[in-house]
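**Q** coordinates only, no sequence provided:
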């Protein structure tokens, strides 16, 4: 098998091994690491129906992480996808109406980020050993709600690492915040920044690109890496569950070998739907990719016009993990449709940073024919939660509801087998969910009263992730202004 090397989307680095790309997270020029060529999925499609999640993971990841030995990769996979998940299937596929909901929330923190962040610490520490890294790896991450806790859970007390998470202080759900600020890991730090997610993400990227900060950290024996989906070690594991979903549809007899599967993904930072696009690129029979946005519909507008324009009001919604106006992973898609032109990408990103927008060429737009944009308003999202519950008894979280609404409005779910990425447990957003079902009845209840009501309503057991934070003490109470994020990190690291 050919070795896959990585390069920066902006041209500053090339010929980088998978383990080096995982360790660095972000390229030195601010670009994202992408494969210099995409591999081909070599497993016969018919074999997928008899493969476990772990076996599927190995067959996908070995294509991209070619400098890992078979034993190294299998050890990482065994360590990640074990009893931390509350089902042996890891990612069950549930049919409701015309759609198949791919439940990606059975991990430790009940959100889809667990699917990749359960394995990233293993990939990271293996990469450090492979490259003779002696520094402590400082995971520096911005979160719109779910990455934070999933990363904290993954890296808590992992030797040779520490983790610092910034989140928008007033931009996550009460349960999301409680999950983060009660994290007991001794090597963890959680900071509420007084801004939105884009502010947090921009602040983190600035620190990654600060050469003086990197030098001072190296003197103290530290180096940064990222747990965001900008890290290729986060993105590749996300390809796995689309391949696995296809196998489950084959197994149930709902798909025949080679038949197309459409995908609907609630989208914020663009990593989750990019993983589905990569699955299509390596040979999985994926048809249309429906990109579902909430009222922060910068991606919907982009797919409609070819112009990416972040100059708009930032709206706080009931689906906070999608409250994003700068979708970092879109850069990887633009790189592909620009013919792998790093010069074009560097120019587009310079325009985005300076003017707040860029417009792709007509030739590039034609290569986006597999993508269809859709969005749901807050009212439509709540209506979708209510109607799906009324019709089927199945309870959606607000992010999944956005995708479910777009699926009904845009997709041909009755004609083409359509998988909706179900990205979080409704227990993570109990207030939004319960008010959507019956505002009058539930409005006066407290957060954990609503948890018990959701349990009664749905018949789904309350996840341990929720039970464990009912009485957990707050461990992290640091709050900072956006422009003091770096000072906060320097203080933590003793710089």
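**A** Right, received. Where do you want to start? Because the structure is predicted, anything quoted here is derived from the model rather than measured. Residues are numbered from 1 along each chain as shown.
**Q** show me what contacts the nearest residue to residue 185 once chain neighbours are set aside?
**A** Spatially, and ignoring its direct neighbours in sequence, residue 185 is nearest to residue 156 (2.8 Å; Cβ to Cβ, 6 or more residues apart in numbering). From N, CA and C alone the C-beta is placed, and that goes for glycine too. Counting by Cβ atoms under 8 Å, 6 or more residues apart in numbering, residue 156 touches 163, 183-188.
**Q** identify the farthest-apart pair in the residues you listed.
**A** Comparing every pair within these by Cβ to Cβ identifies 163 and 184 as the most remote, at 12.8 Å.
**Q** mind giving me the packing neighbours of whatever helix or strand residue 438 lives in?
**A** In this structure, residue 438 sits in helix 430-442 according to DSSP states H and E. Where contact means 3 or more Cβ pairs under 8 Å, 6 or more residues apart in numbering; DSSP states H and E, helix 430-442 is packed against helix 378-392, helix 398-410, helix 447-458.
**Q** what's the angle between that helix and helix 447-458?
**A** Helix 430-442 and helix 447-458 are oriented at 80 degrees to each other (axes from the mean of the first three to the mean of the last three Cα atoms, to 10 degrees).
**Q** same question for helix 430-442, mean pLDDT?
**A** For helix 430-442, mean pLDDT is 95.
**Q** how about stretch 488-495?
**A** Per-residue scores along stretch 488-495 average to 94.
**Q** so how far is it from its chain's centroid?
**A** Relative to the centre of its chain, stretch 488-495 is centred 27 Å away, using Cα atoms, centre = their mean, to the nearest Å.
**Q** one more: stretch 47-64?
**A** Computed by Cα atoms, centre = their mean, the chain-centroid distance of stretch 47-64 equals 20 Å.
**Q** which stretches of the chain have low pLDDT?
**A** Scanning the chain for pLDDT under 70 picks out the ranges 1.
**Q** which ones are touching residue 117?
**A** Neighbour list for residue 117: 147, 150-151, 153-154, 227, 234 [criterion: Cβ under 8 Å, 6+ apart].
**Q** check residue 264 too.
**A** By Cβ under 8 Å, 6+ apart, the residues touching residue 264 are 99, 290, 292, 403-404, 406-407, 411, 418-421.
**Q** could you do residue 180 as well?
**A** Residues in contact with residue 180 (Cβ under 8 Å, 6+ apart) are 143, 148-149, 152, 165, 167, 172, 190, 476.
**Q** helix or strand: which one has it?
**A** Here residue 180, judged by DSSP H and E, is contained in helix 174-181.
**Q** angle of that helix against helix 430-442?
**A** Relative orientation of helix 174-181 and helix 430-442, computed by the same axes, to 10 degrees: 140 degrees.
**Q** any idea which helix or strand comes after helix 174-181?
**A** strand 188-193.
**Q** pull the distance from the helix or strand that that next one is followed by to the chain's centre.
**A** As assigned by DSSP H and E, the chain's next helix or strand after strand 188-193 is helix 197-208. Centre-to-centre, helix 197-208 and its host chain are 17 Å apart (Cα atoms, centre = their mean).
**Q** hmm, back to that, same list (the contacts of residue 180) but as TSV, adding distance to residue 45, secondary structure and neighbour count.
**A** TSV is the format used below for the contacts of residue 180 (distance: Cβ to Cβ, whole Å; DSSP: H, G, I helix; E, B strand; the rest coil; neighbours: other Cβ atoms under 10 Å):
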residue	distance to residue 45	secondary structure	neighbour count
143	36	coil	29
148	36	helix	31
149	35	helix	33
152	37	helix	30
165	39	strand	26
167	40	strand	26
172	39	coil	25
190	43	strand	24
476	46	coil	18
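**Q** turn those into a markdown table, including distance to residue 353.
**A** Putting the contacts of residue 180 into a markdown table (distance: Cβ to Cβ, whole Å) gives the following:
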| residue | distance to residue 353 |
| --- | --- |
| 143 | 22 |
| 148 | 25 |
| 149 | 29 |
| 152 | 29 |
| 165 | 24 |
| 167 | 23 |
| 172 | 26 |
| 190 | 28 |
| 476 | 31 |
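**Q** for residue 369, state which of these is nearest.
**A** Out of the contacts of residue 180, the member with the shortest distance to residue 369 (by Cβ to Cβ) is residue 143, at 32.7 Å.
**Q** what's the closest non-adjacent residue to that closest one?
**A** Distances taken as Cβ to Cβ, 6+ apart place residue 167 nearest to residue 143, at 4.8 Å, with adjacent residues excluded.
**Q** and residue 155, by the same measure?
**A** Distances taken as Cβ to Cβ, 6+ apart place residue 163 nearest to residue 155, at 4.4 Å, with adjacent residues excluded.
**Q** does that neighbour belong to a helix, a strand or coil?
**A** At residue 163 the chain is in strand, as set by DSSP: H, G, I helix; E, B strand; the rest coil.
**Q** state the distance from residue 322 to residue 143.
**A** 13 Å (Cβ to Cβ, to the nearest Å).
**Q** same check, this time on residue 201
**A** From residue 201 to residue 143 the distance is 9 Å (Cβ to Cβ).
**Q** go on, residue 285?
**A** Separation of residue 285 from residue 143 (Cβ to Cβ): 33 Å.
**Q** any buried residues in stretch 246-264, and which?
**A** 246-250, 255, 261-264 (16 or more other Cβ atoms under 10 Å).
**Q** rewinding a little: wait, the residue nearest to residue 143 touches residue 189, no?
**A** No - assessed by Cβ atoms under 8 Å, residue 167 is found out of contact with residue 189, at 11.6 Å.
**Q** hmm, back to that, which ones are touching the residue nearest to residue 155?
**A** Residue 163 neighbours (Cβ under 8 Å, 6+ apart): 138-141, 151-152, 155-156, 185, 187-189, 227.
**Q** and residue 166, helix, strand or coil?
**A** strand.
**Q** isn't it up against residue 203?
**A** Yes - between residue 166 and residue 203 there is a contact at 6.7 Å, judged by Cβ under 8 Å.
**Q** those two: who's more crowded?
**A** Neighbour totals were compared for residue 166 and residue 203, and residue 166 leads with 29 against 23 (other Cβ atoms under 10 Å).
**Q** starting at the chain centroid, how far to stretch 481-495?
**A** 25 Å.
**Q** could you do stretch 293-303 as well?
**A** Centroid displacement of stretch 293-303 relative to its chain, using Cα atoms, centre = their mean, is 17 Å.
**Q** still on that earlier bit, mind checking which of the buried residues of stretch 246-264 land in helices?
**A** Among the buried residues of stretch 246-264, the residues falling in helices (DSSP state H) are 246-250.
**Q** what's residue 480 sitting at in phi/psi?
**A** When read as degrees, to the nearest 10, the backbone of residue 480 gives phi -140, psi 160.
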